[in-house]
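# no sequence for this one, just the structure:
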């Protein structure tokens, strides 16, 4: 759903991104053999490259960032790369044009049958709080969340009581009924750890709902790959990751709601009464790897002249108009797509 990000000056990004030692192993399965280099991360010039694992078919950026550099990126660079994430002038218009509440209502409808006032729900990476707000309006009173952006995480929740903590590892085992994570997993350096922590935190029979970008439908140009997204999932790789942790996948595929969410994967998981011990991520069939390679080879990974002109045009727009105005234009385009899909009311924007 987010607009394509604006490129930050290459020197600034390289300063922020100090890379860790390259171990040459897959981010998901840990294999060292069969790691194919696809192309450089050219959007921001982070020094990383996109790789495809020949064992589990994972697609990921490598090498990793040093932890301090990753933290500095989100604190100092993220909203420069993504102007649409920064409020400008009207906060009401900011949220209406982004469509936070409209999308939250669609996601809520998918899990509403599982909710009651006593349901214990944890949202990982709650952002500005739109989904927490929707849960509260649905009558859910036991709300927990993690969100590192302390300055903005309460923008939409008002006086709703939410217990914020550092993450799933901070909650007692088998204490949650539902875990949701929307556009979080692709940002994490250790997605396997996330899955294990989610399984541990859920009660037997508890559910997890995860939404991530779908590489197989969203990848169109090299600009799809950028430093904020460390792993690029397909429904198959996401299912394997969940099963490796001990989950029972109930659904994993293109987002059922389509529209502005069409380029995403929707994953529904259940913690079995007696989950199997965590195991290694399964190997992918060769036919799946071949199909993935075909998809990746359709993209021009070299820096193309027309892409350079587009980037320079955006950079000039930021210099002349400012980050706020460019972000406002991106949000307006997003709101227009929501309107076309019937997910936004015209009178919500004034």
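Here it is on my side, so go on. Note that the structure is predicted; figures quoted are calculated from it, not measured. Residues are numbered from 1 along each chain as shown.
# correct me, but residue 184 touches residue 125?
Yes: using Cβ atoms under 8 Å, residue 184 is in contact with residue 125, at 3.8 Å. (Each C-beta comes from the backbone N, C-alpha and C, glycine too.)
# Buried residues, stretch 44-55. List them.
For stretch 44-55, a neighbour-count test (16 or more other Cβ atoms under 10 Å) marks 44, 45, 46, 48, 49, 50, 51, 52, 53, 54, 55 as buried.
# The fifth one and residue 83, how far apart?
For residue 49, the distance to residue 83 (Cβ to Cβ, to the nearest Å) stands at 26 Å.
# Same question for the last one.
In this view, residue 55 and residue 83 are 38 Å apart by Cβ to Cβ.
# Repeat that for the first one.
Computed with Cβ to Cβ, the distance linking residue 44 and residue 83 is 14 Å.
# circling back: from the buried residues of stretch 44-55, which single one is nearest residue 133?
Nearest to residue 133 among the buried residues of stretch 44-55: residue 44, at 32.2 Å, using Cβ to Cβ.
# what about that closest one, helix or strand, and which?
Here residue 44 sits in a region with no helix or strand, counting by DSSP states H and E.
# I'd say it and residue 81 touch.
Yes: here residue 44 reaches residue 81: they are 6.6 Å apart, a contact under Cβ under 8 Å.
# quick one: low-confidence parts of the protein?
Along the chain, segments meeting pLDDT under 70 span 1-16, 303-308, 310-311, 345-350.
# Leaving out sequence neighbours, find the closest residue to the residue nearest to the spatial centre of the chain.
Most central in the chain under Cα atoms, centre = their mean is residue 183, positioned 2.4 Å from the mean C-alpha point. Nearest residue to residue 183 in three dimensions, chain neighbours excluded: residue 211, at 6.1 Å (Cβ to Cβ, 6 or more residues apart in numbering).
# Strands of the stretch 251-350 of the chain, start to end?
With strands called from DSSP state E, counting those that start in this stretch, the stretch 251-350 of the chain shows them at 264-270.
# Strands of the chain, residue ranges please.
35-40, 49-53, 59-62, 120-124, 142-146, 163-164, 176-182, 202-213, 231-232, 248-254, 264-270 (DSSP state E).
# Indicate which one of those is closest to residue 326.
strand 202-213 (22.2 Å).
# tell me which residues in the closest one are buried?
Within strand 202-213, the residues scored as buried using 16+ other Cβ under 10 Å are 202, 206, 207, 208, 209, 210, 211, 212, 213.
# Strand partners (parallel or antiparallel) of that strand?
Strand 202-213 has the following sheet partners, assigned by DSSP bridges: strand 176-182 (parallel), strand 264-270 (antiparallel).
# want to throw the ones you listed into CSV with mean neighbour count and distance to residue 294?
Formatted as CSV, these follow (neighbours: other Cβ atoms under 10 Å; distance: least, Cβ to Cβ, whole Å):
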stretch, mean neighbour count, distance to residue 294
strand 176-182, 23, 29
strand 264-270, 22, 19
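# okay, those in JSON lines with distance to residue 324 next?
Formatted as JSON lines, the strands paired with strand 202-213 follow (distance: least, Cβ to Cβ, whole Å):
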{"stretch": "strand 176-182", "distance to residue 324": "25"}
{"stretch": "strand 264-270", "distance to residue 324": "27"}
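# Identify whichever of the ones you listed lies nearest to residue 322.
That would be strand 176-182 among the strands paired with strand 202-213, by Cβ to Cβ, at 29.1 Å.
# quick one: contacts of that closest one?
Applying Cβ atoms under 8 Å, 6 or more residues apart in numbering, the external contacts of strand 176-182 come out as 107, 111, 114-115, 119-125, 131, 144, 168, 194, 198, 201-203, 206-211.
# what does stretch 17-27 give?
Outside of stretch 17-27, the residues within contact range by Cβ under 8 Å, 6+ apart are 31-32, 35, 46-48, 51, 53, 55-56, 58, 60, 62-66, 68-69, 73, 189, 191, 227, 230-231.
# related to what we said a few turns ago, which of the strands paired with strand 202-213 sits closest to residue 246?
Taking these one by one with Cβ to Cβ, strand 264-270 is closest: 9.8 Å.
# what does that closest one rub up against?
Residues outside strand 264-270 that contact it (Cβ under 8 Å, 6+ apart): 1, 110, 183, 198, 205-214, 218, 233-235, 238-239, 242, 247-257.
# 6 Å - rerun?
Strand 264-270 is contacted from outside by 207-214, 235, 238, 242, 247-252, 255-256, using Cβ atoms under 6 Å, 6 or more residues apart in numbering.
# same check, this time on stretch 220-227
4, 5, 41, 42, 43, 44, 46, 50, 299, 301.
# Neighbour-wise, which one of these leads?
Sorting these by how many neighbours each has (other Cβ atoms under 10 Å) puts residue 44 first, at 26 neighbours.
# domain parsing for the protein?
The chain breaks down into these domains under automatic domain parsing: 1-13+73-84+304-342, 91-278.
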